[in-house]
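Asker: here's my sequence, what's the structure:
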Amino acid sequence: MEANKIALVTGGSRGIGRAVCERLAKDGMDVVFSYRNGSEQAKETEQRCAAYGVRVLAVLADVSKSEDCDMLVQKALEFGNGRIDVLVNNAGITKDNLLMRIKDEDLDAVLNVNLKGSFYMMRGVSRIMLKQRSGSIINMSSVVGLMGNAGQVNYAASKAAVIGMTKSLARELASRQIKVNAVAPGMIETDMTGAIPETEKEAMKNTIPFKQMGRPEDIAGVVAFLAGEDSRYITGQVLCVDGGMAM
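Answerer: Coordinates of the predicted model:
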């Protein structure tokens, strides 16, 4: 019997990351995911994925540290008996403020997780996928990386840079049939957006042509598409899942 594909997801303990882990598990992939805190949430993600009859491994790791990323890739490689078929760079943070109020440490923190973390993971996994001559890398960007947003200069910079990395790596790996794409979520119902006051949330919804926020499952479905065979001829692309915000 053919072994399940191995998916590695960063930041998989909650929100979009958890939805991605669940969807890939539902599609029959064994899942390795990282988390930086919240061990109880990580256990819940493990349980939800395992309910689909696949193998699951949760790894405590800080993707802003290259050594943690190397460790995470190694653990996934051992778990997958030498294979990693899908990488989803989902881990991300925000440190929002007006530009004049953004501290150096807030800029560094956002770039270290959102940009450098994705870079470290792609560097580690691409070596494996080149040997396999197959694989799919999916980077989580944002409509903010395409449109910009007041109060999120640091976040927008990190997510725009992720798009640049995605397109560059897609060109590097295309000869080996390895796909590299990005997903750009809009306003999605997560813990992060849950903290926004209702009046502000309603004002935001009015900027969305669909007039509603998306769900983590909306993102997970697109990630699953990019991870699967139906997207075999798609690389270097940015798919906006935003209810029309960025059009």
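Asker: point out where the chain drops to low pLDDT.
Answerer: Under the criterion pLDDT under 70, the flagged ranges of the chain are 1, 195.
Asker: one more time with 90
Answerer: For the chain, the stretches with pLDDT under 90 are 1-2, 38, 190-204, 207.
Asker: which residues of it fall in helices?
Answerer: Here the chain has its helices, by DSSP state H, at 15-26, 39-50, 66-79, 104-110, 117-132, 144-147, 153-173, 191-194, 198-205, 216-227.
Asker: residues making contact with the first one?
Answerer: To tie it back to what came earlier, the one meant is helix 15-26. Here helix 15-26 makes contact (CB atoms under 8 Å, 6 or more residues apart in numbering) with 7, 9-12, 31, 33, 41, 44-45, 48-52, 54, 56, 86, 88, 90-91, 140, 185, 188, 190-192, 215-217, 219-221, 223-224, 227. Every C-beta, even on glycine, is put in place using the N, C-alpha and C of the backbone.
Asker: just the buried ones among these, please.
Answerer: Neighbour-count burial (16 or more other CB atoms under 10 Å) applied to the contacts of helix 15-26 gives 7, 9-12, 31, 33, 41, 45, 48-49, 52, 54, 56, 86, 88, 90-91, 140, 185, 188, 190, 216, 219-220, 223-224, 227.
Asker: so which elements touch the lengthiest strand in the chain?
Answerer: For the chain, the strand with the greatest residue count under DSSP state E is strand 178-185. Secondary-structure packing of strand 178-185 (3 or more CB pairs under 8 Å, 6 or more residues apart in numbering; DSSP states H and E): helix 117-132, strand 135-140, helix 153-173, helix 216-227, strand 238-241.
Asker: just name the most buried of those.
Answerer: Of these, the one with the most neighbours on average (mean count of other CB atoms under 10 Å) is strand 135-140, at a mean of 26.
Asker: that one pairs with which strands, and in what direction?
Answerer: With DSSP bridges as the test, strand 135-140 is paired with strand 86-89 (parallel), strand 178-185 (parallel).
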